[in-house]
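[1] sequence and computational prediction follow.
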Amino acid sequence: MSESKHLPIYRHKAELIQAVKNSNFLVVTGETGSGKTTQLPQYLYQAGICKDGKIGITQPRRVAAITVAQRVAQEMQCTLGREVGYQVRFDDCTTQDTVVKYMTDGCLLREILADSLLSQYRVVILDEVHERSLSTDILLGLLKKIFSDPAKATSGRSVPLKVVVMSATLDTDKLSAFLGDCPVFAIPGRTFPVTCTFGSAVGPKDIESTNYVKEVVKVALNVHTTEMAGDILVFLTGQSEIEQACDLLYEKAESIDYRYDVYDQTVEGLLILPLYGSMPTDQQRQIFQPAPPRIRKCVVATNIAATSLTINGIKYIVDSGFVKQLNHNSRVGMDILEVVPISKSEAQQRAGRAGRTSAGKCFRIYTKEFWEKKMPEFTVPEIQRTSLTSVVLTLKCLGIHDVIRFPYLDCPEERFILEALKQLYQFDAIDRRGRVTQLGELMVELPLPPGLARAVLKAASLGCQDLLLPVAAMLSVENIFIRPGHPNKQKEADIKHRALATRSGSMNDFATLLTVFQACKSSDRPSGWCKDNWIHWRALKSAFAVETQLQEIVAHLQRKRDFPVETFDGQKNELFRRCLCAGYFTNVARRSVGKAFCTMDGHGSIVQIHPSSSLFDQEAELNWVLFHDVLVTSRVYIRTVCPIQYEWVKDLLPKLHEVDVYELSSVARKEVTDEEVKKWESREAAKRRPEVSTVDVMKKLEKRNNEATVNDARARYLQRKQQKQKGKSLL
DNA sequence: CGAGTGATA
C-alpha cells in the first residue's frame, strides 16, 4: 500500500475518480510507470463504484492480464480470483465475488457477443490502446456505437456504462475526438531520460540494400568498449538474423583485450544472449538473470523485447530500425511477411526500454534522413493490415449491417472489407443480403479462421469431429516441426518428419498433423516423444489445450436443436478430405506445367508445393490439391497440402467467381430488397455457364503472371538472402 | 529444391 502512494498517479486520485464520475467516456494518458493500470481500478473500487457492477480492464496480452491481476490482488490484500481476478483463454480465474476483472481484449469481445450491453459491468477500461491491437480497435468502435448515444446508453441497463480509454501520451487528441470530444486526463510518467543518436549506415535509399546486421554488431561492440557498465539490448527482425549477429558478436568479442580496448575498466567480458519467440522457455529464462559481476549482458532480440518481455538493467539500445510485419495483400488475396522500417513511435518505444531503471542511451544505426523520409509517424494499425473475415463476421453477428461505415478509429481500405464479405458469402456465413446465416452463427462461436471453422462444422455434422479438431488445433498454434540451424541435425530432423508423414498412411500433410497429435497424446512420455521426433513440445501442448476447448464448443453447438446432421457412406480417408474441402475450397489448386500449380481462387496465382510437404517430389501424381496457406520466399509456395478429387469441390468452385464487388458494397451499405436480390439472381443465372467455365476462367488466369507484389516480395527475399550469405562469408 | 516478427478468442 505504502509503495503505491509514491506512484505519480496517487496525487491525482480524487480528481481521477471525479473525472470518471463526470462523464461516460474518458481518455487517460500516462507513460509506463505512471501506475494507471494497477491504481485506477483500485481507486474506482474504493470509491464504491462496484456496487453497481464490475470493473473490466482489457490488456492486449495474456501475460499482462495475469501478472497485473496478481499484483493488484496483492496490493488489495485479497486472494486472486476473489474481488480481483482475471480471465484469459484457457484460464478463467474469477468467481462470483470478482468485481475488478483483468482480461484480454479478445475475451471482452467474446463477452459482448453474448451480451452486447455488458450489463454486468459498471466500468470498462481499455488499456494500452496505443498498441492498436485488432480486438482493442473493434472494442473501441463497438463501445462508441453502443454507448455514445445518451438516449441509448441506458437502454436495457440500469445505469450508463463508463468507458475509460488508456493510452500512452501520443495521439490523445484523436482518441478524444473519436469519443465525442470526451475529457482527457493526463498523468505524468516516471521514466528516465534516454538520449538517442542517429548513425550513418542506413540512409533513405538503403531500405534493403544495407547489411544492417553487420552494422548493428559494429555499434553494439562500440558501445561495449566505449560506454560505462550497463546491459545492451539489440533489436533485429528474426531468428536467423539474430543467430548470425550473435555469431559475429561472439567472434569479435573474443579478440577484445580488456586491459587496453575497454573504456570502463570494471567491464571484463560480454555475455551474448539471443532472444526470440520460438526459443525454448528455459533458454528464455536465462535472459532475465543478472550477468555475473564485471560481465556486460548483451541481449539480441526480436520485437518480443519491445512490449512482451521487460528485461531489467538495460541501459543501452541498439536499434536496427526494421521489423517483420505480416501484411494482408488483397490483390493476391494473401498475407505476406515482410521486413519493413519501424515507425517513429515504435522507435521511441524501443528507446524507452533503456530508461526503465536509470538514464539510458539509444543508438540508432540509421540516419536522421532515414528517420524523416522512410519511417512513418505511427505503425499502421493491425486492422488496416490483416484479413478482416473474422472481424466482419463478428460485427454481423452483433447486428451491425453496415460494416463499411462502422465507426473505426482508422478505417480499413474498403476493398479489404469487400474481400471479407466476399469470403463470408462464399463460406455461406452470410447470404446475398449480407445477413448472417445459421452457419455463420455457428462459425462465430469457434475461435478459428472462418474456413477452418467451416471444415470443423462439416465434420461435426458428419459426426467425425475427432478427425478435424486435432488438425484445427495444430493449425492454430505455431509451427510444431523443429528445423535446427546445423546441417547435420537438419537432416536428422527431416528424416524424422518424413517418417511421421509416412506413418500417417496416406500422403497428406493434414493427416500427418493428426498422426503427430494422436501419437504424442497416447505416448507415456510425451515430451520425450517430441524431443525424439523434433517436434515443438510447448507448441503441441498448446494444441492439446486448443483441441479440448474446441471439443467443448462443438459439443455445446451439437446440443442445439437445429444443428445440421449429415451422413456419408465411404472411406474414412475420403470423409476426412471432404471435410477439409468444405473449408478450404477457396484454397484449391490444379496442376499446371511441371511442378507448377494454379490456384482457383480467382487470382490464378502460380504456386509450388513447399519442400517441407510430404507431397513435395510427388507432384507428377497429383492433379488437384488443397492447401492451408501460402508462403512467398524465393517462390510462391503452398504449405500443408492434401490431394483431392475435382468432384469433391466442383459444386463449390463456381461460387468463387459469381460474386460481384459492386453488389457487395451496396449490400454492405444498406438493407437490400427482395426485388434487388431477384434481379441479381436472374442476372447471374444468365451469366453462369456450364461446368467447364471454372476451367476456362482458370486457364485465362493462369496466363496472367503473378502480380507485381509477389514478384517484389520475391526480389526482396533474394536480395536479403544474398546479403546474408555475404555476411556469413565475412566470418 | 527449402521456411518460422509479435500478439489473440
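    Sure thing, it's come through.
[2] for stretch A:251-260, measure first residue to last.
    End-to-end distance for stretch A:251-260, by CA to CA, to the nearest Å: 18 Å.
[3] tell me which residues of that stretch come out buried.
    Within stretch A:251-260, the residues that qualify as buried are A:252-253, A:256, counting by 16 or more other CB atoms under 10 Å. Yep, even glycine has a C-beta here, placed from its N, CA and C like the rest.
[4] assign a three-state SS to A:T394, would you?
    A:T394 carries the three-state label helix when classified by DSSP: H, G, I helix; E, B strand; the rest coil.
[5] quick revisit: show me which of the buried residues of stretch A:251-260 is closest to A:D52.
    Of all the buried residues of stretch A:251-260, A:D52 sits closest to A:A253, with 60.2 Å by CB to CB.
[6] check the gap between the closest one and A:Q265 for me.
    17 Å (CB to CB, to the nearest Å).
[7] look up the closest residue to A:I66, ignoring the ones flanking it.
    Leaving out its chain neighbours, the residue that sits closest to A:I66 by CB to CB, 6 or more residues apart in numbering is A:Y86, at 5.5 Å.
[8] my guess is the one you found contacts A:T95, does it?
    No. Under the criterion of CB atoms under 8 Å, A:Y86 makes no contact with A:T95, lying 11.6 Å away.
[9] got any ranges where the stretch 401-550 of chain A has weak pLDDT?
    A:485 (pLDDT under 70).
[10] residue of it closest to DNA strand B, please.
    A:R483 (2.6 Å; CB to the nearest atom of the strand).
[11] and for the stretch 251-400 of chain A?
    Per CB to the nearest atom of the strand, A:G277 is where the stretch 251-400 of chain A lies closest to DNA strand B, at 2.2 Å.
[12] and that residue, its phi and psi?
    phi -60, psi -40 (degrees, to the nearest 10).
[13] how about the strands in the stretch 101-250 of chain A?
    Along the stretch 101-250 of chain A, the segments classed as strands by DSSP state E, counting those that start in this stretch run A:121-126, A:162-167, A:184-186, A:194-197, A:231-235.
[14] which of the residues in the shortest one are buried?
    Neighbour counts over strand A:184-186 (16+ other CB under 10 Å) mark A:184-185 as buried.
[15] so what does that strand touch, helix or strand wise?
    Using 3 or more CB pairs under 8 Å, 6 or more residues apart in numbering; DSSP states H and E, the elements in contact with strand A:184-186 are helix A:13-22, strand A:25-29, helix A:172-178.
[16] which helix or strand lies directly C-terminal to the second one?
    Right, strand A:25-29. helix A:36-46 (DSSP states H and E).
[17] off-centre distance for the next helix or strand after that next one?
    For helix A:36-46, the following helix or strand on the C-terminal side (DSSP H and E) is strand A:54-59. Relative to its chain's centre, strand A:54-59 lies at 21 Å (CA atoms, centre = their mean, to the nearest Å).
[18] highest average neighbour count across the helices and strands packed on strand A:184-186?
    strand A:25-29 (a mean of 24; mean count of other CB atoms under 10 Å).
[19] in its sheet, what does it sit against?
    Next to strand A:25-29 in the sheet, as set by DSSP bridges, lie strand A:162-167 (parallel), strand A:184-186 (parallel).
[20] ok now it, how far from the chain's centre?
    Put simply, strand A:25-29 sits 26 Å off its chain's centre (CA atoms, centre = their mean).
[21] give the rounded mean pLDDT of it.
    Taken as a whole, strand A:25-29 carries a mean pLDDT of 94.
[22] could you do stretch A:105-122 as well?
    92.
[23] what's the answer for stretch A:125-145, then?
    93.
[24] how many other residues sit next to the closest residue to A:K458 other than its chain neighbours?
    Nearest non-adjacent residue to A:K458, counting by CB to CB, 6+ apart: A:A582, 3.8 Å away. Burial measure for A:A582: 22 neighbouring residues, criterion other CB atoms under 10 Å.
[25] ok but A:A582 is inside a helix, no?
    Yes. Per three-state DSSP, A:A582 lies within a helix segment.
[26] I figured it hits A:A455, correct?
    Yes. Shown here, A:A582 and A:A455 form a contact pair, counting by CB under 8 Å, at 5.3 Å.
[27] ok, back up a step: residues contacting the residue nearest to A:K458?
    A:454-455, A:457-458, A:652 (CB atoms under 8 Å, 6 or more residues apart in numbering).
[28] that one and A:D466: what is the separation?
    For A:A582 relative to A:D466 (CB to CB), the value is 16 Å.
[29] surely A:C298 is in a strand?
    Yes. Per three-state DSSP, A:C298 lies within a strand segment.
[30] how close does the closest residue to it other than its chain neighbours sit to A:R285?
    Residue nearest to A:C298 in three dimensions, not counting chain neighbours: A:I232, with 4.3 Å by CB to CB, 6+ apart. Distance, A:I232 to A:R285, using CB to CB: 19 Å.
[31] so between these two, which is more surrounded?
    Between A:I232 and A:R285, counted using other CB under 10 Å, the more crowded position is A:I232 (26 against 9).
[32] quick check: bridge partners of the more buried one?
    A:C298, A:Y316.
[33] that one touches A:K297, doesn't it?
    Yes. Using CB under 8 Å as the test, A:I232 is close enough to A:K297 to be in contact (7.2 Å).
[34] how about the residues of the stretch 251-400 of chain A by DNA strand B?
    When proximity is defined as CB under 7 Å from any atom of the strand, the stretch 251-400 of chain A approaches DNA strand B at A:276-278, A:302-304, A:308, A:323-326, A:337, A:382, A:390.
[35] from the residues you listed, keep the buried residues only.
    Buried among those (16+ other CB under 10 Å): A:276, A:302-303, A:323, A:325, A:382, A:390.
[36] pLDDT weak spots in chain A?
    Short version for chain A, where the test is pLDDT under 70: A:1-3, A:150-155, A:170, A:201-210, A:331-333, A:485, A:660-662, A:671, A:684-731.
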